[in-house]
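> Here is a sequence with its predicted model. Questions after.
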Amino acid sequence: MAEAERIIGTPDTPDAAGGGKERPDSEGTPPGESGAGQPRGRRRIAVLFAVASFAYALDLISKMIVVAKLEHHPPIEIVGDWLRFEAIRNAGAAFGFGEAFTVIFTMIAAAVIVVIARLARKLYSLPWAIALGLLLGGALGNLTDRIFRAPGVFEGAVVDFIAPKHFAVFNLADSAIVCGGILIVLLSFRGLDPDGTVHKD
């Protein structure tokens with residue numbers, strides 16, 4: 001997990017943020033140079049967990065409705081045959097891949113949650129807080145299925161129900177994970193790190 005933090009580019013100390021990086025004016029001064037750094041960091045952490053909680057709750061509620069109202073029933077067409085809701089139990093990863101590795105995907109999801117929790121203590125960027133919140137909420141949503149749904153603990157099948165034509169069936173947790181991942185890629189291309197510093201190159 002320490003290696004994952006190094007790759008993402010979050011320095012352990014404020015001094016490590018130097019050397020070719022600068023903090024944008026919108027983020028203020030580094031946390032080590034001003035008392036405002038700590039409240040700002042707490043606000044970013046609050047945003048992360050608010051986004052994660054919203055994504056998790058939305059995913060959990062949608063799955064409860066799908067299991068109660070749609071499972072063992074015919075699919076519901078939303079946009080003709082281009083988009084429909086169809087309850088499917090998925091033992092694999094996102095979008096139905098790798099059904100033979102359910103336990104491994106469960107461990108990966110748990111590891112992602114731990115890494116995000118560790119990164120949160122160094123978080124000073126609002127866009128990164130939103131991105132990590134989406135990842136955390138999505139990972140928690142699918143991990144809940146892995147733990148509590150049949151056939152057993154850590155082997156549970158995830159409830160998927162969004163079925164576009166000619167595409168894999170997925171759920172809101174998958175959508176949150178993909179959106180968070182795309183945002184992280186965009187932020188990385190812009191040179192913005194989770195601690196709010198920006199690469200000059």
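Here it is on my side, so go on.
> What is the burial count for the residue nearest to Gly156 when sequence neighbours are not counted?
Nearest residue to Gly156, sequence neighbours excluded (C-beta to C-beta, 6 or more residues apart in numbering): Arg149, at 3.5 Å. Bear in mind the C-beta positions are built from the backbone N, C-alpha and C, glycine included. Using other C-beta atoms under 10 Å, Arg149 has 18 neighbouring residues.
> can you tell me which residues contact Arg149?
With contact set as C-beta atoms under 8 Å, 6 or more residues apart in numbering, Arg149 has these partners: 89, 156-159.
> same check, this time on Ile116
48, 132, 135-136, 139 are the contacts of Ile116 under C-beta under 8 Å, 6+ apart.
> what's the spacing between the residue nearest the centre of the chain and Leu48?
Centroid-nearest residue in the chain: Leu135, 0.5 Å away (criterion: C-alpha atoms, centre = their mean). Distance from Leu135 to Leu48, counting by C-beta to C-beta, to the nearest Å: 10 Å.
> Looking at the contacts of Ile116, which are in helices?
Among those, DSSP state H puts 48, 132, 135-136, 139 in helices.
> Which pair of the residues you listed spans the longest distance?
For the ones in helices among the contacts of Ile116, the farthest-apart pair by C-beta to C-beta is Leu48 and Ala139; their separation is 12.8 Å.
> just the contacts of Ile116 now: which is nearest Val198?
Taking C-beta to C-beta as the measure, Val198 lies nearest Leu132 of these, at 17.6 Å.
> Verify the stated contact: the closest one with Pro194.
Yes: using C-beta atoms under 8 Å, Leu132 is in contact with Pro194, at 7.5 Å.
> what touches both of the two?
Common contacts of Leu132 and Pro194, defined by C-beta under 8 Å, 6+ apart, comprise 119, 123.
> More neighbours: these two, which one.
Set Leu132 next to Pro194 and count neighbours by other C-beta under 10 Å: Leu132 wins out with 30 against 25.
> any idea how far Val66 is from that one?
Distance of Leu132 to Val66, given as C-beta to C-beta: 27 Å.
> quick one: low-confidence parts of the chain?
Scanning the chain for pLDDT under 70 picks out the ranges 1-37, 92-103, 200-201.
> Going along the chain, name the helices of it.
Using DSSP H, the helices of the chain run over 2-8, 37-69, 102-120, 126-148, 172-190.
> and stretch 190-201, how far from the chain's centre?
Offset of stretch 190-201 from its chain centre (C-alpha atoms, centre = their mean, to the nearest Å): 20 Å.
> next one: stretch 40-55
Offset of stretch 40-55 from its chain centre (C-alpha atoms, centre = their mean): 12 Å.
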